[in-house]
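>>> after the sequence you'll find the predicted model.
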Amino acid sequence: MAFCPSCGAGNAESVKFCASCGKPMPVAAMPTQEPVQAPAPAYPPPQYPPPAYPQPPYPQPPYPQQQYAPPGYPQYPPYAQPYGYPAVQAPPQKTAMPTAAGILLIIAGVLGLIDWGIVLAFGTLAAFIPFLGAIILICGIIGITFSVFALLGGIMAVQRKMWGLALTGSILGLFTVGFVGEASLLSLIALILIAVSHREFT
């Protein structure tokens, strides 16, 4: 209940004028509302660490490393590579065998050319004999061809190139014969040296 300040009569709180004297009633001040604050959480929100990706359980295969042994030291067997990598072979040591084989083949080829050149000369002189001159001519051409292959094989052996041609020249050089068979003997020695040193050819 509100009381009139002029006459003191009691009035309801919602009236604006006094029912007794008719004077305006004082307006009650509205209580100020304080801002409502959100209640503080009882516990701070949990902090989750970033997920860590698992590492592979198997080790990474190492890259194959090539090992070289210095000249003059023994060559050890190649070491085994894990994870299916092939074994690394040490580079072969260069020897004088291809060079020696090439020189022997060149000498055998030159001797064969000289020998079969003489045979062709005699075949020309014996051309008047039936069939003999033709046979000597054919044998001379074949011998000269074999001697040329022996020369080419010797050059390839000295340069350490085209192992197949060097081997073929040494085989055909066996049929060059020479004066007393020395060309065939030199070609046989060259054939053995070339076959043994085939890893030194490119």
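That came through, no problem.

>>> what does the pLDDT read for the nearest residue to Glu13 once chain neighbours are set aside?
Closest residue to Glu13 apart from its sequence neighbours, by C-beta to C-beta, 6 or more residues apart in numbering: Ala2 at 4.8 Å. The C-beta positions use only the backbone N, C-alpha and C, and glycine is treated the same way. Ala2 is assigned 73 on the pLDDT scale.

>>> can you tell me which residues contact Ala2?
Neighbour list for Ala2: Gly10, Asn11, Ala12, Glu13, Val15, Met25, Pro26, Ala28 [criterion: C-beta atoms under 8 Å, 6 or more residues apart in numbering].

>>> rerun that using 7 Å as the cut-off
Asn11, Glu13, Met25 (C-beta atoms under 7 Å, 6 or more residues apart in numbering).

>>> mind listing the strands for this protein?
Assigned by DSSP state E, the chain shows strands spanning 2-3, 10-11.

>>> of all the ones you listed, which one is nearest Ser187?
Nearest to Ser187, of all the strands of the chain, is strand 2-3, at 143.0 Å by C-beta to C-beta.

>>> buried residues of stretch 14-23, list them for me.
By 16 or more other C-beta atoms under 10 Å, the buried positions in stretch 14-23 come out as Cys18.

>>> quick check: which ranges of this protein have low pLDDT?
Within the chain, the stretches with pLDDT under 70 are 1, 28-36, 38-44, 51, 53-92, 124-128, 130, 133.

>>> dump the strands of the chain into JSON lines; add distance to Leu113 as well.
Below are these laid out as JSON lines (distance: least, C-beta to C-beta, whole Å):
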{"stretch": "strand 2-3", "distance to Leu113": "148"}
{"stretch": "strand 10-11", "distance to Leu113": "152"}
